[in-house]
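Engineer: Below are the sequence and a predicted model; questions follow.
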Amino acid sequence: MIAMSFITSFFTFMAVVSGGTLLVLVYLDNRKSRIDDGIAQFRRHIDALSPEARRNSVHHNNSDDRWSR
Amino acid sequence: MARDLAIDLGTANTLVYMKGRGIVLNEPSVIAVNRQSGEVLATGHEAWDMIGRTPSYIVAVRPLRGGAITDFDITERMIRLLLQRVGVSRFTRPKVVICVPSAITEVERRAVTDATRRAGASDAQLIEQPMAAAIGANLPIDEPVGNMVIDIGGGTTETAVISLGGVVALEAIRVGSFDIDAAIQNYVRREHGVAIGERTAEEIKIQIGSAEPGPDDRSADIRGRDLVTGLPKTVRLTAEEVRFAIDEPVAAMVLSVKRCLAKAPPELAQDFLARGMYLVGGGGMLRGLAQRIQRETQVPVKMSPQPLEAVVLGAGHCIENYQALRGMFMGARR
Ligand SMILES: Nc1ncnc2c1ncn2[C@@H]1O[C@H](COP(=O)(O)OP(=O)(O)OP(=O)(O)O)[C@@H](O)[C@H]1O
Ligand SMILES: [Mg+2]
């Protein structure tokens, strides 16, 4: 009787602990990828503003053909 | 497939950039409306030719005058007409980026966004004009250095410091090149007793107006209506007189640039001295203005090679790289 209840509560305890750990791991993992996403987004943003990236939309427009609508 | 658009709905000129094509429309922001029926009679160049020459029931107006969205209904109609003219139909709903003055209020911001959506855009985003100008003028804004851009348009003067892809300091006033036209009109009326139209005033500004004395100071004969006799009259204006007449708006523009310099982080001050400030916008083309700003701030000023197009080219670049540059749009930041 006592052993039974000990085993039950032990397993319950283990389940709670592992479940909690899993949640924490998932949360940490998410947070890490969110920070990475932010950095990646900033890098894309800065790259898209580089003079080379802008050459297409800015310089190609300087030709005269746009006036002949 | 809808082609996404960038629109610079300036107080003086409207430009449209189409994704993959470049600038497809460039004309004055003027609309002629029949006051009785509310019908739009003409837009752009055609309406511009009507300014001050219409019978009383037709009005040719600049709906965005003062840099503010003064007439919401006309603004919406204007955007709708623009979209129609560049080929947007009910079945092609493009994403649209609109360049707006950074001094725009929350209410105006919502008004422009709503008007654009209602006019047929699937998504409407706003971008501040100086930010767009910096992108379009090809300043190295991807680097951690202070880039200063001054945009002097018809209705607004905006100065911004941009570093590492974001706005660091911003200063905007609702004084622009139209105020110079108005100052010339007032002066001629007051000192010579002659009434002139706003188009004549603009011509005087472009021909003999200046912000600093220069070697090409000239005089010009101008025609207007004598306020006393009501008859046509010609008077001679000198460059010096015009400089005196327009000093108030010019001084306000220079002061606004100075205030932006004062707002910028001190770390960036040496960048300005080394790299200078960039001047864009049609108003910046006033003779001697760059020199005057340079003299009063002690910071070198460079004129952009395409002062009138920089803003729409910058917004166009955001349309070409919509995903990467979403952070540039108003409301996305902070
Ligand atoms: N050579 C020139 N000298 C002086 N002023 C000029 C010259 N050319 C154009 N302008 C003025 O520039 C103004 C138009 O500039 P621009 O097209 O940049 O304004 P906008 O973008 O429509 O206005 P905003 O940015 O304030 O909404 C007009 O007021 C025009 O009179
Ligand atoms: Mg402008």
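Structural biologist: Perfect, thanks for sending it. Numbers count the residues shown, from 1 in each chain, chains lettered A, B, ... in the order given. Ligands and ions are numbered 1, 2, ... in the order given.
Engineer: Please confirm that B:Gly283 is located within a helix.
Structural biologist: Yes. Membership of B:Gly283 in a helix is supported by DSSP: H, G, I helix; E, B strand; the rest coil.
Engineer: What is the burial count for it?
Structural biologist: 28 (other CB atoms under 10 Å in any protein chain shown). The C-beta positions use only the backbone N, C-alpha and C, and glycine is treated the same way.
Engineer: my guess is it meets B:Asp181, correct?
Structural biologist: No. Contact criterion CB atoms under 8 Å: B:Gly283 and B:Asp181 do not qualify, at 10.3 Å.
Engineer: Closest residue of chain B to ligand 2?
Structural biologist: B:Gly153 (3.4 Å; CB to the ion).
Engineer: Hmm, that residue is touching B:Gly283, no?
Structural biologist: Yes. Counting by CB under 8 Å, B:Gly283 is a contact partner of B:Gly153 at 5.8 Å.
Engineer: Overlap in contacts, the two.
Structural biologist: B:Gly176, B:Ser177 (CB atoms under 8 Å, 6 or more residues apart in numbering or on different chains).
Engineer: and stretch B:315-328, what's its mean pLDDT?
Structural biologist: Per-residue pLDDT over stretch B:315-328 has a mean of 90.
Engineer: pull the CA atoms of that stretch into CSV?
Structural biologist: C-alpha atoms of stretch B:315-328 as CSV (Å, rounded to 0.1, in the frame of the first residue of the first chain):
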residue,chain,number,x,y,z
ALA,B,315,10.6,54.3,-52.2
GLY,B,316,10.9,52.3,-55.5
HIS,B,317,13.9,50.5,-54.0
CYS,B,318,11.8,49.6,-51.0
ILE,B,319,9.1,48.2,-53.4
GLU,B,320,11.8,46.1,-55.2
ASN,B,321,12.9,44.7,-51.9
TYR,B,322,9.6,44.7,-50.0
GLN,B,323,10.4,41.8,-47.6
ALA,B,324,13.9,43.0,-46.6
LEU,B,325,12.9,46.6,-46.2
ARG,B,326,9.6,46.3,-44.4
GLY,B,327,11.2,47.8,-41.4
MET,B,328,11.6,51.1,-43.2
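Engineer: outside of that stretch, which residues touch it?
Structural biologist: For stretch B:315-328, contacts defined as CB under 8 Å, 6+ apart pick out A:41, A:44-45, A:47-49, A:53-54, A:56-58, A:61, B:4-8, B:17, B:19-20, B:22-23, B:95, B:97-99, B:125, B:127, B:131-132, B:135-136, B:165, B:329, B:332-333.
Engineer: likewise stretch B:249-269?
Structural biologist: By CB under 8 Å, 6+ apart, stretch B:249-269 touches B:145-146, B:148, B:150, B:152, B:157, B:159-161, B:163, B:168-173, B:175-176, B:179-180, B:183, B:211, B:272, B:277, B:283, B:286, B:289, B:292-293, B:296-297, B:299.
Engineer: at 7 Å instead, please
Structural biologist: For stretch B:249-269, contacts defined as CB atoms under 7 Å, 6 or more residues apart in numbering or on different chains pick out B:146, B:150, B:152, B:157, B:159, B:161, B:163, B:168-169, B:171, B:173, B:175, B:179-180, B:183, B:211, B:292-293, B:296-297.
Engineer: For chain A, just list every one of the strands.
Structural biologist: Assigned by DSSP state E, chain A shows no strands.
Engineer: Tell me where it is predicted with low confidence.
Structural biologist: Counting by pLDDT under 70, chain A contains low-confidence ranges at A:1-3, A:32-36, A:59-69.
Engineer: ok, and the closest non-adjacent residue to the residue nearest the centre of chain B?
Structural biologist: Centroid-nearest residue in chain B: B:Gly153, 2.9 Å away (criterion: CA atoms, centre = their mean). Take B:Gly153 and drop its neighbours on the chain: the residue closest to it by CB to CB, 6 or more residues apart in numbering or on different chains is B:Gly281, 4.6 Å away.
Engineer: Let me see the contact set for that neighbour.
Structural biologist: So B:Gly281 contacts B:Asp151, B:Ile152, B:Gly153, B:Pro307 (CB under 7 Å, 6+ apart).
Engineer: where along the stretch 201-334 of chain B do the strands fall?
Structural biologist: Ranges of strands in the stretch 201-334 of chain B, per DSSP state E, counting those that start in this stretch, are B:219-226, B:232-238, B:277-280, B:301-303.
Engineer: Which stretch among those is buried most, on average?
Structural biologist: Each of the strands of the stretch 201-334 of chain B was scored by mean neighbour count; the highest is strand B:277-280, a mean of 26, by mean count of other CB atoms under 10 Å in any protein chain shown.
Engineer: That one packs against which elements?
Structural biologist: strand B:147-152, strand B:301-303 (3 or more CB pairs under 7 Å, 6 or more residues apart in numbering or on different chains; DSSP states H and E).
Engineer: Does B:Ala111 touch B:Ile74 like I think?
Structural biologist: No. Using CB atoms under 7 Å, B:Ala111 is not in contact with B:Ile74; the gap is 11.5 Å.
Engineer: And these two? Which one has more around it.
Structural biologist: Shown here are B:Ala111 and B:Ile74; by other CB under 10 Å, B:Ile74 has more neighbours (19 against 16).
Engineer: which residues in the stretch 51-200 of chain B form helices?
Structural biologist: For the stretch 51-200 of chain B, the helices defined by DSSP state H, counting those that start in this stretch cover B:72-85, B:106-118, B:129-136, B:177-192, B:198-208.
Engineer: okay, those helices, which one's buried deepest?
Structural biologist: Scoring these by mean count of other CB under 10 Å, the most buried comes out as helix B:129-136, with a mean of 30.
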